[in-house]
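Student: Predicted model and sequence below, questions to follow.
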Amino acid sequence: MLIGLLIIGLVSGVMAGMFGLGGGVILVPAMVILLGFTQIAANGTSLVVLTLPVGVFGCLEYYRKGKLRLRPALAVGLALAVGSWFGAGIALGLSPQLLSGLYGAFLIYNGWRYLAPLEWWRERQGLPKREEAEETAVDPDAARTVFLSALIGFVAGIFAGLFGIGGGVIIITGLTLILGFDHKLATGTSLGALLLPVTAPSAYRYWLEGQIDFSVVIPLAITVAVGALFGARVTLGLPAKTVRRAFGLFLMVVSARFVLAALGG
């Protein structure tokens, strides 16, 4: 089991560093599929792992490259902590089958957005394509930007508590679509926000229900931290479009398992 944990943590860390996540979007399905955790227990255990500073090495890489701004990251992180408390309460009141269905639908929606198959089709047809922003046009430290970052963080917190994730998928989607952050700045800012113990409130609620396996927390936290460093270096060297589409494909693959579980498969 230890080898499995180390592999899961390392892969989760690489994905976290690449895509600005806490790692829960990989940790949760991996624990359910490979280690036999229930959805609720995987959620709770993942949230405990994410309370630790597992993204610290990845954050340093983004900060050195100017792709992590502290004010919006702090606003996102603080609001996410509040939202995660409410999300955990919702999850603990749902049936496992319904929760699996919601999680699968959540992954499919975001996978489709990141994969952007219509853009691929337009490119194959030689039609004009939407350009990916390589630099952020707005001021990331402006008061309006910080305020909207907090709103995005609160919504992300609901999803974090509900699905046992860090909330990075929602954070990045909000920062890019609502605030116009370029993908790499959104990724670094998300990872910076998740460096704070933002999932502690929701983890506490899972702990009260006895839904946390502390024996796996430390091996996962260490390997996630190491993997995040490599993931950050990979992303900073790739075009934004390549990163976005790779993540979209990953989400679509993972979503299939949860949809089948919801259907009783």
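Tutor: Great, that's in hand.

Student: how about low-confidence regions in the stretch 1-150 of the chain?
Tutor: 120, 122, 125, 127-135 (pLDDT under 70).

Student: need the helices for it, in chain order.
Tutor: 2-19, 24-35, 39-51, 56-64, 70-91, 96-115, 117-124, 143-163 (DSSP state H, counting those that start in this stretch).

Student: Dump these into JSON lines; add distance to Trp207 and mean neighbour count as well.
Tutor: C-betas here are computed from N, CA, C, even on glycine. Putting the helices of the stretch 1-150 of the chain into JSON lines (distance: least, CB to CB, whole Å; neighbours: other CB atoms under 10 Å) gives the following:
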{"stretch": "helix 2-19", "distance to Trp207": "20", "mean neighbour count": "22"}
{"stretch": "helix 24-35", "distance to Trp207": "16", "mean neighbour count": "24"}
{"stretch": "helix 39-51", "distance to Trp207": "7", "mean neighbour count": "27"}
{"stretch": "helix 56-64", "distance to Trp207": "24", "mean neighbour count": "21"}
{"stretch": "helix 70-91", "distance to Trp207": "10", "mean neighbour count": "23"}
{"stretch": "helix 96-115", "distance to Trp207": "18", "mean neighbour count": "18"}
{"stretch": "helix 117-124", "distance to Trp207": "41", "mean neighbour count": "12"}
{"stretch": "helix 143-163", "distance to Trp207": "13", "mean neighbour count": "23"}
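
Student: can you put the ones you listed in CSV and add distance to Ala221?
Tutor: Shown next, in CSV, are the helices of the stretch 1-150 of the chain (distance: least, CB to CB, whole Å):
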stretch, distance to Ala221
helix 2-19, 7
helix 24-35, 10
helix 39-51, 5
helix 56-64, 11
helix 70-91, 18
helix 96-115, 22
helix 117-124, 36
helix 143-163, 17
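
Student: can you tell me which of these comes nearest to Val226?
Tutor: helix 2-19 (6.0 Å; CB to CB).
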